[in-house]
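Asks: sharing a model prediction with you, sequence too.
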Amino acid sequence: MHKPTKTEMMREVRDYIFITLGLFSYALAWAVFLIPYQITTGGTTGIGAIIYYATGFPIQWSYFIINAVLMTFAIKILGPKFSIKTTYAIFMLTFLLWFLQLVVNGADGVPPKVLGEGQDFMACLIGATMCGLGLGVVFNCNGSTGGTDIIAAIVNKYKDVTLGRMIMLCDVFIISSCYFIFNDWRRVIFGFVTLFVIGFVLDYIVNSARQSVQFFIFSKEYEKIADRITKETHRGVTVLDGMGWYSKHNVKVLVVLAYKRQSIEIFRLVKDIDPNAFISQSSVIGVYGEGFDRLKVK
């Protein structure tokens, strides 16, 4: 049995801290912006919101009950490894939804409209942005809030339906069903706007955190540059042998893969050593392996 190293344990602790912060942003968006303005969206939280608007039954308990049932099937079908962080997220989000509504709501238990009357669309945009931000942080830490993610994973195991398509079908059905509560197509449109903004922000957060770039660096001072890049940016450097076809001179080419946020640091470092260096930078779709994302292909 593999005994986790100190580094692995610290990474797990960090993941749980950031998952909690992401869930806080998500729950705060519901408590302050979405619930007071009766806006819904996809997922089991959206189902809980519709039940709350129709009956007054607390959103957090609907969310918890639905996910508890889904997790029972998920553990049997997908295995216990799938469920560890998801189970934590479900319990934590249930607590945060309850706690933040308790803090935000007035003495009469009615959620206040902090933006004022008639600001439904603005509440929709702000709430959706905070939801997308929170979910992006959770997903970056390999977490999940359960719900339609679980349904999609189970269906995907047995049927040739992509996860994204299955989640989309579930969300469209959930949002469209709110028409039967309000008899107002405007609420349905708000729901789809919320879903779109959440998806946009979520993609931006997830992809921007993982965007990588590739450098080709041509310089006579390649040894100094390679040493400093390795020591100061903690990125690996590969040295290739090349030949300039016009000059017919042999050259050394440094190949560096780094996160996009490290680009300025690398440019400054190269300029300090050799202002005349020739540098090519290009974006890469994905980088997997040590120091980057784990290769998850089965």
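Replies: Sure thing, it's come through.
Asks: list the buried ones in the host helix or strand of residue 227?
Replies: Under the criterion of DSSP states H and E, residue 227 resides in helix 222-228. By neighbour count with 16 or more other Cβ atoms under 10 Å, helix 222-228 contains the buried residues 222, 225-226, 228. No exception for glycine: its C-beta is placed from N, CA and C like everyone else's.
Asks: average model confidence for it?
Replies: Confidence for helix 222-228, expressed as mean pLDDT, is 93.
Asks: which strands or helices does it pack on?
Replies: strand 237-243, strand 250-259, helix 263-273 (3 or more Cβ pairs under 8 Å, 6 or more residues apart in numbering; DSSP states H and E).
Asks: and with 6 Å instead?
Replies: With contacts taken as 3 or more Cβ pairs under 6 Å, 6 or more residues apart in numbering; DSSP states H and E, helix 222-228 sits against strand 250-259, helix 263-273.
Asks: out of the ones you listed, which one sits most buried?
Replies: strand 250-259 (a mean of 17; mean count of other Cβ atoms under 10 Å).
Asks: what is the mean pLDDT for that strand?
Replies: 91.
Asks: what does stretch 268-286 give?
Replies: 88.
Asks: also stretch 147-158?
Replies: 66.
Asks: begin at 24 from now on, thanks
Replies: In the new count, where the first residue is 24, that last one comes out as stretch 170-181.
Asks: so for the helix or strand harbouring residue 229, what gets flagged as buried?
Replies: Per DSSP H and E, residue 229 falls inside helix 208-233. Residues of helix 208-233 classed as buried: 210-211, 213-214, 216-218, 220-222, 224-225, 228-229 (neighbour count, 16+ other Cβ under 10 Å).
Asks: show me the shaky parts of the stretch 74-223 of the chain.
Replies: Low-confidence segments of the stretch 74-223 of the chain (pLDDT under 70): 100-106, 130, 171-172, 174-189.
Asks: now the helices for it?
Replies: All helices of the stretch 74-223 of the chain, identified by DSSP state H, counting those that start in this stretch, fall at 82-101, 107-127, 143-163, 171-181, 186-200, 202-205, 208-233.
Asks: what is the helix or strand just after the helix holding residue 229 packed up against?
Replies: Going down the chain from helix 208-233, the next helix or strand is strand 235-241, by DSSP H and E. Contacts defined by 3+ Cβ pairs under 6 Å, 6+ apart place strand 235-241 against strand 273-282, strand 301-307.
Asks: kindly recompute the last result at 7 Å.
Replies: When contacts are defined as 3 or more Cβ pairs under 7 Å, 6 or more residues apart in numbering; DSSP states H and E, strand 235-241 packs onto strand 273-282, helix 286-296, strand 301-307.
Asks: who's in contact with the shortest one?
Replies: When contacts are taken as Cβ atoms under 7 Å, 6 or more residues apart in numbering, the neighbours of strand 301-307 outside the stretch itself are 234-241, 286, 293.
Asks: ok, so of those residues, who is nearest residue 206?
Replies: residue 234 (44.3 Å; Cβ to Cβ).
Asks: how near is the residue lying closest to the closest one once chain neighbours are set aside to residue 257?
Replies: Leaving aside its sequence neighbours, residue 234 sits nearest to residue 283 (Cβ to Cβ, 6 or more residues apart in numbering; 4.2 Å). Noted for residue 283: a distance of 15 Å to residue 257, by Cβ to Cβ, to the nearest Å.
Asks: am I right that residue 64 is in a strand?
Replies: No - Residue 64: not assigned to a strand; according to DSSP: H, G, I helix; E, B strand; the rest coil it is coil.
Asks: surely it meets residue 220?
Replies: No - with contact defined as Cβ atoms under 7 Å, residue 64 does not reach residue 220; the gap is 9.2 Å.
Asks: in JSON lines: the helices and strands packed on strand 235-241, plus distance to residue 264.
Replies: Putting the helices and strands packed on strand 235-241 into JSON lines (distance: least, Cβ to Cβ, whole Å) gives the following:
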{"stretch": "strand 273-282", "distance to residue 264": "7"}
{"stretch": "helix 286-296", "distance to residue 264": "20"}
{"stretch": "strand 301-307", "distance to residue 264": "16"}
